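Novice: Below is the sequence, then the predicted model.
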Amino acid sequence: MSIYESYAPIYDAIGQGSFAEDLTRHILASAPAPPRRALDLACGTGAAALALAESGVRVIGVDRSREMLRIARARSRDRGMSVRWVAADIRRLSLSPAARGALRPASFDLVTCLYDSLNYLGAHEDLAAVCSGVARLLRPGGRFVFDLNTVYEFDSWDDTDQVVFDSPDLLVYNRLSYDVERRIARGRIVWFVREIERWYRGEELHEERSWEDAEVRAALGDAGLSLVARHTPQWEPAPAEAPRVVYDCVRG
Ligand SMILES: C[S@@+](CC[C@H](N)C(=O)[O-])C[C@H]1O[C@@H](n2cnc3c(N)ncnc32)[C@H](O)[C@@H]1O
């Protein structure tokens, strides 16, 4: 069953985009020169892409979820912003006619992929394909910034229900668990939304893979991308056992 489709309006309603908005501020503040053209991979409902566009960057957002993109498009239209939204799988950008038409090689100053979107990749080949696609699209010296949940985060996923949002019209809870052997984390997201006099229930099952730091560095290196720094989301140096790491990289 596809994910981020029926959940898309809930994701947006409960403010899940704020993580990427905050991180985008750190990315822009730490840029040696303001980026002119940026690509936001797995852009979701547009949190980072819209924050970049607001600061004057020309942005393209790519996601495979039509519903996430529908919301992103409506948000940019409501704010009078011109962001280009492309429906494509980030593992196969060069095979997608829509992405190929929009994404010129070596034309981007910045590529982002935020809020653990790369944890959704299931196999080494997927990570390698994303990294080589990014290297192809960045200009030499261009920057690639992404964040990952680490095993130290997933180890705390203890199979209990956690209410993450509770309002008179919407209740959302997650049951998070981690399979250590398979290195697969599961998030069962359940929501109840009230529409006039009735409550509707929705559910999606999300799977994330835990990537070891060495695997990430190898995929970056093989693609010709150099790791510059590992940050926490608050832009401090990331300790070895950080639950989430922001990788700040450059195309050599
Ligand atoms: C946690 S959301 C993050 C969205 C956005 N970056 C943000 O920070 O709000 C993960 C997003 O990754 C997208 N995604 C996951 N795997 C993808 C893939 N292979 N190709 C394109 N999009 C993907 C999902 O559709 C979803 O919108």
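Specialist: Done, it's in. Everything quoted here is computed from the prediction, not taken from an experiment. Numbers count the residues shown, from 1 in each chain.

Novice: ok and the residue in the stretch 101-250 of the chain nearest the ligand?
Specialist: Tyr115 (3.2 Å; CB to the nearest ligand atom). All C-beta atoms are positioned from the backbone trio N, CA, C, and that covers glycine.

Novice: So what's the residue count around that residue?
Specialist: Neighbour count of Tyr115, defined by other CB atoms under 10 Å: 22.

Novice: Report whether it is found in a helix, as I expect.
Specialist: No. Tyr115 is assigned coil when assessed by DSSP: H, G, I helix; E, B strand; the rest coil, not a helix.

Novice: Could you pull up the residues touching it?
Specialist: By CB atoms under 8 Å, 6 or more residues apart in numbering, Tyr115 lies in contact with Gln16, Phe19, Ala20, Leu23, Gly44, Ala47, Asp147.

Novice: how about a cut-off of 6 Å?
Specialist: Contacts for Tyr115 (CB atoms under 6 Å, 6 or more residues apart in numbering) come out as Phe19, Ala20.

Novice: any bit of stretch 1-19 sitting next to the ligand?
Specialist: Yes. Stretch 1-19 reaches the ligand (CB under 6 Å from any ligand atom) through Tyr4, Gln16, Gly17, Phe19.

Novice: Ranking by neighbours, what's the top pick from these?
Specialist: The most crowded member of the residues of stretch 1-19 next to the ligand, judged by other CB under 10 Å, is Gly17 (23 neighbours).

Novice: Disregarding flanking residues, what is the spatial nearest neighbour of that residue?
Specialist: Ala47 (3.1 Å; CB to CB, 6 or more residues apart in numbering).

Novice: Lowest mean pLDDT among the helices and strands of the protein, which one is it?
Specialist: helix 97-102 (a mean of 90; mean pLDDT, DSSP states H and E).

Novice: other SSEs contacting that helix?
Specialist: strand 84-87 (3 or more CB pairs under 6 Å, 6 or more residues apart in numbering; DSSP states H and E).

Novice: Most distant residue from the centre of the protein?
Specialist: Glu197 (35.0 Å; CA atoms, centre = their mean).

Novice: Against Asp169, how distant is that residue?
Specialist: Distance check for Glu197 against Asp169: by CB to CB, to the nearest Å, it reads 12 Å.
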